[in-house]
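Engineer: Test case, fold it:
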Amino acid sequence: MTPNWLEAHASYINSLLSSTNEQLTFKPGSLTSAALLKVPIIPADKLEDSSLVTLNIVVSVDEDIGKNEDSDPRFGVSDGVSFIGFERVDKTTPSSYSPCFGVEGTSGNRLTGRKNIGASSPSPNIYTGQFVITLKLNERWGSCSQVNNGGFVKTATYNKRLLLSKGLIFEVYKDDNQNKLG
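Structural biologist: Alright, predicted model coming up:
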């Protein structure tokens, strides 16, 4: 999914955006937990709620932003109501947090009712621009990992179960109103 593809297929994209052929950059804005991007990936009525679905999402973020500015994006999927995914913390986040951790909540123009899963587990703050999210939707389980800089893997078990018959939407949220994401 290139920046141009994401812009063309997004059902929602935050207006505080600049784009190039290589990158979408979302600037800070007034809302906390604001939606930045929503892209439908599976239409409604294509899956049954009991379908076995595993998603692998490779995310690349601008390392310069995450090493020097507040940038704690949340990447995941929703059924239009419930959201499950992972937050990727920036280099400025205290070492009492994992480099990434599970997040669930209610989808919307803001991520509400957010619950962090496994956020506070001291580990070295390994910050790289690329990481992988795996979500086993039928098992309500996921992991985020990075393979370089010594590697890191974090797993999460979600309370929320997505209704796959409603379709799946890839969604990106920011943490607070100071966040910038590239």
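
Engineer: L47 contacts K166, doesn't it?
Structural biologist: No - checked against CB atoms under 8 Å, the pair L47 and K166 is beyond contact range at 9.1 Å. Just so you know, the C-beta spots here come from the backbone N, C-alpha and C atoms, and that holds for glycine as well.

Engineer: a strand runs through S18, doesn't it?
Structural biologist: Yes - remark: S18 belongs to a strand, assigned using DSSP: H, G, I helix; E, B strand; the rest coil.

Engineer: Leaving out the residues flanking it, which one is nearest to it?
Structural biologist: T25 (4.9 Å; CB to CB, 6 or more residues apart in numbering).

Engineer: buried stuff in stretch 159-176?
Structural biologist: For stretch 159-176, burial by neighbour count (16 or more other CB atoms under 10 Å) applies to 160, 162, 164, 166-175.

Engineer: before we move on, back to that, three-state assignment of the residue nearest to S18?
Structural biologist: Using three-state DSSP, the structure places T25 in strand.

Engineer: so it makes contact with N14?
Structural biologist: No - judged on CB under 8 Å, T25 makes no contact with N14 at a distance of 10.7 Å.

Engineer: Can you pick out the residue with more neighbours from these two?
Structural biologist: N14 (21 against 15; other CB atoms under 10 Å).

Engineer: can you give me the strands for this structure?
Structural biologist: Secondary structure of the chain (DSSP state E): strands at 12-13, 17-19, 24-26, 35-42, 54-60, 74-78, 82-88, 100-106, 112-117, 130-136, 141-146, 152-157, 168-173.

Engineer: how far away is the most centrally placed residue in the chain from L36?
Structural biologist: Residue closest to the average C-alpha location in the chain (CA atoms, centre = their mean): F75, at 0.7 Å. The spacing between F75 and L36, counted by CB to CB, to the nearest Å, is 10 Å.

Engineer: Can you read off the pLDDT for N4?
Structural biologist: pLDDT for N4: 86.

Engineer: Tell me how far stretch 169-177 lies from the chain's centre.
Structural biologist: Distance, stretch centre to chain centre, for stretch 169-177: 6 Å (CA atoms, centre = their mean, to the nearest Å).

Engineer: Which of the residues in stretch 23-31 are classified as buried?
Structural biologist: Buried residues in stretch 23-31, counted by 16+ other CB under 10 Å: 24, 26, 28-29.

Engineer: and the end-to-end length of it?
Structural biologist: End-to-end distance of stretch 23-31 (CA to CA, to the nearest Å): 22 Å.

Engineer: Over to stretch 21-41?
Structural biologist: Terminal-residue distance, stretch 21-41 (CA to CA): 21 Å.

Engineer: Looking at it now, give me its mean pLDDT.
Structural biologist: In this model, stretch 21-41 has a mean pLDDT of 87.
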